[in-house]
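Chemist: make a model of this:
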Amino acid sequence: METRTDTTATSQPAKKRSIIFPIILVLILIAGGWFGYTKYTHSQHHEETDDAQVEANISPVIPRIAGYVRAVNVSDNQQVKKGDTLLVLDDRDLRIKLDQAEAALATAQSNLTVARATSTAAGTNIATSRAGISTVDAQIEEAKVNVWRTSQDLTRYENLIKDHSITQQQYEQALAQKQTAERQLQVLEAQKRQVAAQSSGVVSQTNATAQQISVANAVIKQRQAEIEDAKLNLSYTVITAPVDGLVSKVNVQPGQYLQAGQSLFSIVLNQAVWVVANFKETQLSKMKLGQKVMVKVDAFPGHPFEAKLTSFSPATGARFALLPPDNASGNFVKVVQRLPVKIEFNESSDPLVKNLRPGMNVDVDVHVD
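Modeler: Presented below is the predicted three-dimensional model:
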């Protein structure tokens, strides 16, 4: 009797264990099925990715001229406004160059004054030469008339002396007058040639002077350009903030020598931030511009941000890589590509957007319905 009682007592707990196990298994199957159904239903109306980061415009601070740093007026993570002075370079060398350019301009202007005075004197000489030529021309015309008159007188006297109507002395006087008139005409013509030669020399001098004036004007323009260039370079010694934003890490110290075009630090524009999410190409079929997006930022857990899809990249991320893949060579392996998608926040509805910083990791959920 005692043996049967023990056998019955041990069989009852075994039956209870066999009932609990199926119940647990059924509950697990129901939970798994419900989880799978909700995930499937969610996937039909949403596209998600965690390959996304916060982005913002970043403006580099770059000097336009080389020089030594005289003062640094900003520190790491400082808020600056557009036009605030960031750095000041030593400007003593540039001020000397500006003084030299101004002195060169004064010299060029003096040369122009001298050239103009020379041109004025040459103009006076030309007027005098032309007046002398006019006077000689008048005298030549008078001498020609005198030669004609004496020639006529000599012809008459030649006829009269043949008839012995005049004396030999009278005839010789008429001949002498004609010869004198001819010599005087020759002298005046030679004088005219001399005056004309002098006038030609004055004209050549005047042309040379006019050319000097043109050269002096060109030199003045060049010196003025040098002054403007010196002033422009002098203005570059003060480096100001191009935009409003936050200064990144400042790796510049007073006394440091900077090269033109050297990247010093950056200013992050914090007025507007957005998200760039890299979706697989297989996720893009239902995505459209303007769709609602929920953004979860790792820095603010439990606080979703409302946003909207605003644009698609014109090419996949691999195409913008430093070494894009070349599938035409070697063995080809198909890899699902990702396309960057820009998502903008609704800043007016959430003031915490201003606390986001570029580079923060986010999860993106696009409502494709």
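Chemist: which residues of the chain fall in strands?
Modeler: Secondary structure of the chain, counting by DSSP state E: strands at 46-61, 67-72, 79-80, 85-89, 238-240, 245-247, 257-258, 265-280, 292-297, 304-312, 338-345, 361-367.
Chemist: what is the first one packed up against?
Modeler: Of the remaining helices and strands, those touching strand 46-61 by 3 or more C-beta pairs under 8 Å, 6 or more residues apart in numbering; DSSP states H and E are strand 265-280, strand 361-367. Quick note: C-beta positions are derived from backbone N, CA and C, even for glycine.
Chemist: between the biggest helix by length in the chain and strand 67-72, how big is the angle?
Modeler: Taking DSSP state H as the criterion, the chain has its longest helix at helix 92-162. Orientation check (axes from the mean of the first three to the mean of the last three C-alpha atoms, to 10 degrees): helix 92-162 against strand 67-72 gives 130 degrees.
Chemist: bridged to the residue nearest to Ile239 when sequence neighbours are not counted, which residues?
Modeler: Nearest residue to Ile239, sequence neighbours excluded (C-beta to C-beta, 6 or more residues apart in numbering): Leu87, at 4.2 Å. Leu87 has these beta-bridge partners by DSSP bridges: Val72, Ile239.
Chemist: is it correct that Leu87 is in contact with Asn251?
Modeler: No. The pair Leu87 and Asn251 fails to qualify as a contact (C-beta atoms under 8 Å) at a distance of 11.8 Å.
Chemist: please tell me how far the residue nearest to Glu182 when sequence neighbours are not counted sits from Ala218.
Modeler: In this structure, Glu182 finds its nearest non-sequential neighbour in Val147, 5.5 Å apart by C-beta to C-beta, 6+ apart. If you measure Val147 against Ala218 using C-beta to C-beta, to the nearest Å, the figure is 54 Å.
Chemist: these two: which is more packed in?
Modeler: Val147 (20 against 11; other C-beta atoms under 10 Å).
Chemist: test for you: state the pLDDT assigned to the more buried one.
Modeler: Note for Val147: predicted pLDDT of 77.
Chemist: I'd say it and Thr180 touch.
Modeler: No. Judged on C-beta under 8 Å, Val147 makes no contact with Thr180 at a distance of 9.5 Å.
Chemist: what does the model give the closest residue to Ala143 other than its chain neighbours for pLDDT?
Modeler: Nearest residue to Ala143 in three dimensions, chain neighbours excluded: Leu185, at 4.0 Å (C-beta to C-beta, 6+ apart). On pLDDT, Leu185 comes in at 73.
Chemist: wait, Leu185 touches Ile140, no?
Modeler: Yes. With contact defined as C-beta under 8 Å, Leu185 counts as touching Ile140 (6.7 Å).
Chemist: related to what we said a few turns ago, identify the contacts common to Leu87 and Asn251.
Modeler: Jointly contacting Leu87 and Asn251 under the rule C-beta atoms under 8 Å, 6 or more residues apart in numbering are Leu264.
Chemist: who has more neighbours, those two?
Modeler: Between Leu87 and Asn251, Leu87 has the larger neighbour count (other C-beta under 10 Å), namely 24 against 10.
Chemist: still on that earlier bit, can I get the helices and strands packed on strand 46-61 in TSV with mean neighbour count and distance to Lys286?
Modeler: Output for the helices and strands packed on strand 46-61, formatted as TSV (neighbours: other C-beta atoms under 10 Å; distance: least, C-beta to C-beta, whole Å):
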stretch	mean neighbour count	distance to Lys286
strand 265-280	18	11
strand 361-367	19	9
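Chemist: which one of the ones you listed lies closest to Asn57?
Modeler: Comparing the helices and strands packed on strand 46-61 against Asn57 with C-beta to C-beta, the closest turns out to be strand 265-280 (4.2 Å).
Chemist: return the list of strands paired to the closest one, each annotated with direction.
Modeler: According to DSSP bridges, strand 265-280 forms sheet pairs with strand 46-61 (antiparallel), strand 245-247 (antiparallel), strand 338-345 (antiparallel).
Chemist: could these go into CSV alongside mean neighbour count?
Modeler: Listed next are the strands paired with strand 265-280 as CSV, based on neighbours: other C-beta atoms under 10 Å:
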stretch, mean neighbour count
strand 46-61, 17
strand 245-247, 19
strand 338-345, 20
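Chemist: nearest to Gly359, of the ones you listed?
Modeler: Smallest distance to Gly359 across the strands paired with strand 265-280 (C-beta to C-beta): 5.9 Å, for strand 46-61.
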